[in-house]
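Asker: here's my sequence, what's the structure:
(4 chains)
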Protein chains: 2
Amino acid sequence: MDTTSRYRDTARQRMRDAIVEAARDLTIARGWDAVRMADVATQVGVSRQTVYNEFGSKPALAEAIAQAETERFLAGVNDALYGHDDVREAAHAAIFQVLDEAAGNPLIKAILTSARGGSDPLLPFLTTRSELVLVAAAGVLRQWAADRLPALPDEAVAFAAETIIRLVVSHIVLPLAPVDRTAGALADLVVRLVTDPVTP
Amino acid sequence: MDTTSRYRDTARQRMRDAIVEAARDLTIARGWDAVRMADVATQVGVSRQTVYNEFGSKPALAEAIAQAETERFLAGVNDALYGHDDVREAAHAAIFQVLDEAAGNPLIKAILTSARGGSDPLLPFLTTRSELVLVAAAGVLRQWAADRLPALPDEAVAFAAETIIRLVVSHIVLPLAPVDRTAGALADLVVRLVTDPVTP
DNA sequence: ACTTTACTCAAATCGGGGTCTTGTCAACCG
DNA sequence: CGGTTGACAAGACCCCGATTTGAGTAAAGT
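Answerer: Coordinates of the predicted model:
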């Protein structure tokens, strides 16, 4: 029974993931309001009722999409940061990755930039999520700094993290230079923020 | 005739200014789409036809409003910068002034933040203007830096200016701390960007 | 367990009639 | 002349029923 229930759960989980993924793809393709629960079900190959059994409502499904996308995004940032020993290289990799993903993934872009007054026709409730993601991203950066730059005072880390996040979002919203150039400039700024003597 | 035409021109200019000011006030009060050309005319005390004679169309009037507001804004930044000898004080004054004005003046806020996907119901064509204003603001900062910090290389000035502008806009869009605290933190950052040794 | 079918109901969509605004013109005044 | 007034066509906008769509629920089938 243990194994059975475990199997059941993983199968169920697989189905949930498939539904979320299908809904995600449809959302990217046509926008959330044009996504029909029936379409999602058909695409996955289950019945509409099953989708309702799993997620309960359309907003709940949207929430699941947002959550999954957020986790993927934060994991990506985390991996980029920890994938390099040099501070500048780590910062560059993470910033580049975010800029690149935002350029190609409308969902991520919407999540990261919907905090503003912008009324994206996509997911109206991402406005709430946006702050959560930005706060979570700041947490990732702070954790990484605590691991790799333990000498840096918390205050300096917090300011650097917030500043870099704001600048990255700003460059997503209004890109002026190519992505790698921007990533390079911001990575340099990170180094300066992090190696600078504290304010006298 | 010289004096006559000059007088005519200043009278005309006064009327144009009055029309723009009235239209600006109405826009702030009710939003641009709710502004009727007839209301503007009545408020100034001229006929609707006169407004059309002066500006030609409603979009053209909007353009005039945006231009006037932009000039006032940039002049304010300029004055704040040149009103202090100390770099930190000058930066603080300018940043504070912009944050404060954006908080209280919806037009300025719209102009500064409409570049993004944000579909403000106010002036849809400010999207174009936004970039112009930000570029112009960068120009003001660069000129000031050239006057007050001639030793600083152009490249460093350009990066510092763009970075500060992006951060200020970011704090307008998503304010987290009180205005004076934000202004203080950004002013400190200006000092660091400006006094830092260049990248080795 | 999942599917199928059948149903309710709220909200979005559509259409059309009327109103309001813009933009233009010409006649009129000081 | 510079401004006002009144009139007017064209198009945008608004209100309001009629219709359709799609979310959500229930129950029976397999």
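Asker: mind giving me the domain split of chain A?
Answerer: A:1-56, A:62-195 (automatic domain parsing).
Asker: pLDDT on the last one, on average?
Answerer: Model confidence over domain A:62-195 averages 90 on the pLDDT scale.
Asker: among the domains of chain A, which is the most enclosed?
Answerer: domain A:62-195 (a mean of 18; mean count of other Cβ atoms under 10 Å in any protein chain shown). C-beta here means a position set from N, CA and C on the backbone, and glycine is covered the same way.
Asker: check whether it contacts DNA strand D.
Answerer: No - counting by Cβ under 7 Å from any atom of the strand, DNA strand D has no neighbours in domain A:62-195; the shortest distance is 9.6 Å.
Asker: just give me how far that domain sits from the chain centre.
Answerer: Relative to its parent chain, domain A:62-195 has a centroid offset of 8 Å by Cα atoms, centre = their mean, to the nearest Å.
Asker: what is the end-to-end distance of it?
Answerer: 42 Å (Cα to Cα, to the nearest Å).
Asker: tell me which of the domains of chain A lies nearest to B:G139.
Answerer: domain A:62-195 (14.6 Å; Cβ to Cβ).
Asker: quick revisit: how about the domains of chain A in JSON lines, adding distance to chain B?
Answerer: Output for the domains of chain A, formatted as JSON lines (distance: least, Cβ to the nearest Cβ, whole Å):
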{"stretch": "domain A:1-56", "distance to chain B": "13"}
{"stretch": "domain A:62-195", "distance to chain B": "4"}
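Asker: distance to DNA strand C for those domains - can I get that in JSON lines?
Answerer: Compiled in JSON lines, those are given as follows (distance: least, Cβ to the nearest atom of the strand, whole Å):
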{"stretch": "domain A:1-56", "distance to DNA strand C": "3"}
{"stretch": "domain A:62-195", "distance to DNA strand C": "11"}
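Asker: out of these, which is closest to B:L189?
Answerer: When the domains of chain A are compared by Cβ to Cβ, domain A:62-195 sits nearest B:L189, at 7.1 Å.
Asker: which strand or helix spans A:A156?
Answerer: helix A:154-173 (DSSP states H and E).
Asker: angle of the very next helix or strand once past that helix against helix B:154-173?
Answerer: Counting by DSSP H and E, the next helix or strand C-terminal to helix A:154-173 is helix A:179-195. Interaxial angle, helix A:179-195 versus helix B:154-173 (axes from the mean of the first three to the mean of the last three Cα atoms, to 10 degrees): 90 degrees.
Asker: gap between the closest residue to A:R12 other than its chain neighbours and A:L107?
Answerer: Spatial nearest neighbour of A:R12, excluding adjacent residues (Cβ to Cβ, 6 or more residues apart in numbering or on different chains): A:E54 at 7.8 Å. Using Cβ to Cβ, to the nearest Å, A:E54 is found at 20 Å from A:L107.
Asker: ok, A:L152 next?
Answerer: 33 Å.
Asker: and if you look at A:I28?
Answerer: 6 Å.
Asker: cool, A:R88 as well?
Answerer: Counting by Cβ to Cβ, the gap from A:R88 to A:L107 is 29 Å.
Asker: still on that earlier bit, list the contacts for the residue nearest to A:R12?
Answerer: Contacts for A:E54 (Cβ atoms under 8 Å, 6 or more residues apart in numbering or on different chains) come out as A:R12, A:M15, A:R16, A:I19.
Asker: before we move on, which element is it in?
Answerer: Going by DSSP H and E, A:E54 is part of helix A:48-55.
Asker: how about A:V77?
Answerer: Per DSSP H and E: helix A:58-82 holds A:V77.
Asker: centre of the chain to that helix, how far?
Answerer: 5 Å.
Asker: what lies in contact with that helix?
Answerer: By Cβ under 8 Å, 6+ apart, the list of residues contacting helix A:58-82 reads A:16-17, A:19-20, A:23-24, A:27, A:32, A:37, A:40, A:51, A:55, A:90-91, A:93-94, A:96-98, A:101, A:107-108, A:111, A:123, A:125-126, A:129, A:132-133, A:136-137, A:140-141, A:144.
Asker: quick one: that helix to helix A:48-55, angle?
Answerer: Using the same axes, to 10 degrees: helix A:58-82 against helix A:48-55 is 60 degrees.
Asker: which helix in chain A has the most residues?
Answerer: helix A:2-30 (DSSP state H).
Asker: tell me what that helix is packed against?
Answerer: helix A:37-44, helix A:48-55, helix A:58-82, helix A:106-113 (3 or more Cβ pairs under 8 Å, 6 or more residues apart in numbering or on different chains; DSSP states H and E).
Asker: relative to helix A:154-173, how tilted is the following helix or strand past the last one?
Answerer: As assigned by DSSP H and E, the chain's next helix or strand after helix A:106-113 is helix A:126-148. Orientation note: helix A:126-148 sits at an angle of 130 degrees relative to helix A:154-173 (the same axes, to 10 degrees).
Asker: and the end-to-end length of stretch A:102-109?
Answerer: End to end - Cα to Cα - stretch A:102-109 spans 5 Å.
Asker: and the gap between the residue nearest to the spatial centre of chain A and A:A137?
Answerer: Centroid check for chain A by Cα atoms, centre = their mean gives A:F73 as the closest residue, at 3.3 Å. For A:F73, the distance to A:A137 (Cβ to Cβ) stands at 8 Å.
Asker: go ahead and confirm A:I95 touches A:V169.
Answerer: No - at 11.2 Å, A:I95 does not count as touching A:V169 under the criterion of Cβ atoms under 8 Å.
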